[in-house]
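Q: Structure for the following, please:
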Amino acid sequence: MMNSAKKLRLLELTVLFFLFLSCCSTCSAWFGSSSNNNKHKSSSNTNRRNSISPHEHEATSSLSSSSFLNRFHGHSSIMLSVHGNVYPVGFYNVTLSIGHPPRPYYLDIDTGSDLTWLQCDAPCSHCSQTPHPLYRPSNDLVPCRHQLCASLQQTDNYQCENPNQCDYEVEYVDHYSSLGVLVNDYYLLNFTDGNRLKVRMTMGCGYDQVFPDSSYRPLDGMLGLGRGKSSLISQLSGQGLVRNVVGHCLSVHGGGYIFFGNLYDYSQLTWTPMSSRDNKHYSTAGAAELVFGGKISGVGSLVAIFDTGSSYTYLNSKAYQALITWLKKELGGKPIKEVYDDQTLPLCWHGKRPLKNIYEVRKYFKPIALSFTSSGKFKAQFEIPPEAYLIISNMGNVCLGILNGSEVGMGDLNLIGDISMLDKVMVFDNEKQLIGWAPADCNLVPKFRHLSI
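A: Next up is the predicted model:
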């Protein structure tokens, strides 16, 4: 298991397709280690579940979203600044203000899972060190038979140990997990039209986490942006506050922004249809073929998933081997040689001297691309330039940020991670069932008269 790779995908146990998807990232858990994690090996989920002790929040005079629903009609937007990078940080996060009074929390952005949750003092059985005080949950519990609770269960006929409380558990294939309950609380959100609202939404209060190792990341929880009912964008659109559209622009230099609702002229983007068979993840309907250096590789029928929950991109074994073969042929005679003592990623090369940035060796590499066929007629090409599939390691070597997904249980699936979406506006339109992209300078955040991020 590689120390630099991103946290593993949420393990969906109900459908085999989701099981394959959940294995798409290989890395250590990123919230850090609990001092008691060696004792946290309960084999029974029931033994870990508790009735939480919610806290009474302080009174607030701020207006909630309910009084503004008729003024929005899904035409406004929300934009949040993003921090982090692919390497060496290994994740991207945003700051959200939640609770009464609103308090800031750092959340990992994840388009591959649905539930937004915070490590919380309910009290907490096992929590890691967090950059902010643990979230103190509201007394507004979600009942067990609520539709959002049902959407997070493994089966339709799930059992309710406490009818007044919705227990959840999310598991990751690196053995990281979070157990908790669903609560309703207020998010303080700034809209691009100048409105600032406290929006009541459902989230997870994670009071019992499993941490497989001692790595630490300065995060308070997870921001779930998938297609499921419990995701933040689904809840916002369900209240009529924004259209059911989520997008992001991650800078190759680090940072960027995410947005909810419409921000871009659709005519400026390249589009491909979403899969209608997967209602949780941003997977493509049409199969893709690999293009190496502008030439068709002969490797086709690729199912692709776009996911900010993975730092790196993963191809199935056949596609990965074709890529490696092509790269080694292209680099023959070039002044960079494969190196074997750099464990940052599986394949690295060294130059005549330690490298400082990609642009020193970019000329030795060619772009690759995924060409998507829609209805057998139109091809939408997703280009991945060298700076969107290479990193410079701490040892000064250039390493390939595309990995073999078959080695981590993904089967035939292919995942497009953060590295290959750098300096692109990515738009996931859940209403029109479309995935769009366009080249962009993600350091240049769109400006609005009433908004500063």
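Q: okay, CA-based contacts and neighbour counts for the rest of this
A: Will do.
Q: Domains in the chain, by residue range?
A: 16-260, 266-439 (automatic domain parsing).
Q: Give me the average confidence score over the first one.
A: To tie it back to what came earlier, the one meant is domain 16-260. Mean per-residue pLDDT for domain 16-260: 80.
Q: Just want the most central residue of this protein.
A: D110 (2.0 Å; Cα atoms, centre = their mean).
Q: residue ranges of the helices in this protein, please?
A: Using DSSP state H, the helices of the chain run over 16-21, 45-48, 69-72, 147-151, 232-238, 317-330.
Q: Which of the domains of the chain sits closest to K447?
A: Smallest distance to K447 across the domains of the chain (Cα to Cα): 9.0 Å, for domain 16-260.
Q: ok, the nearest residue to D429 once chain neighbours are set aside - how many residues close by?
A: Once flanking residues are discounted, D429 sits nearest to V245: 4.5 Å by Cα to Cα, 6 or more residues apart in numbering. V245: 26 surrounding residues under other Cα atoms under 10 Å.
Q: which residues sit in contact with V245?
A: Residues near V245 by Cα atoms under 8 Å, 6 or more residues apart in numbering: 233, 260-262, 427-431.
Q: please redo it, this time with the cut-off set to 7 Å
A: V245 makes contacts with 260-262, 428-430, as judged by Cα atoms under 7 Å, 6 or more residues apart in numbering.
Q: So which of the residues you listed is the closest to G401?
A: Checking the contacts of V245 against G401 with Cα to Cα, the nearest one is F428 at 23.4 Å.
Q: For that closest one, list each beta-bridge partner.
A: V246, I435 (DSSP bridges).
Q: Looks like V339 contacts H350 (just checking).
A: Yes. Counting by Cα atoms under 7 Å, V339 touches H350, with 6.1 Å between them.
Q: neighbour count winner among those two?
A: Neighbour count, other Cα under 10 Å: between V339 and H350, H350 has more, with 21 against 16.
Q: Residues in a beta bridge with the more buried one, which ones?
A: With DSSP bridges as the rule, H350 is bridged to K337.
Q: heads up, I number from 18, so please use that
A: From this message on, residue numbering opens at 18, which makes the last subject H367.
Q: And it, how far from N414?
A: In this view, H367 and N414 are 5 Å apart by Cα to Cα, to the nearest Å.
Q: K312 too?
A: Look at K312 and N414: by Cα to Cα, they are 27 Å apart.
Q: Ok, G317 next?
A: Separation of G317 from N414 (Cα to Cα) stands at 31 Å.
Q: higher neighbour count, those two?
A: Taking neighbours as other Cα under 10 Å, G317 and N414 compare with N414 leading, 25 against 17.
Q: and the residue nearest to the centre of the chain, what are its bridge partners?
A: As for beta bridges, D127 partners with G241 under DSSP bridges.
Q: quick one: contacts for it?
A: 240-242, 324-326.
Q: what's the answer for N296, then?
A: The neighbours of N296, taking Cα under 7 Å, 6+ apart as the test, are 244-245.
Q: how much space is there between it and D131?
A: Distance from N296 to D131, by Cα to Cα: 11 Å.
Q: between the two, what contacts are shared?
A: Overlap of the contact sets of N296 and D131 (by Cα under 7 Å, 6+ apart) consists of 244-245.
Q: hang on, isn't F277 packed against V263?
A: Yes. Here F277 reaches V263: they are 4.6 Å apart, a contact under Cα under 7 Å.
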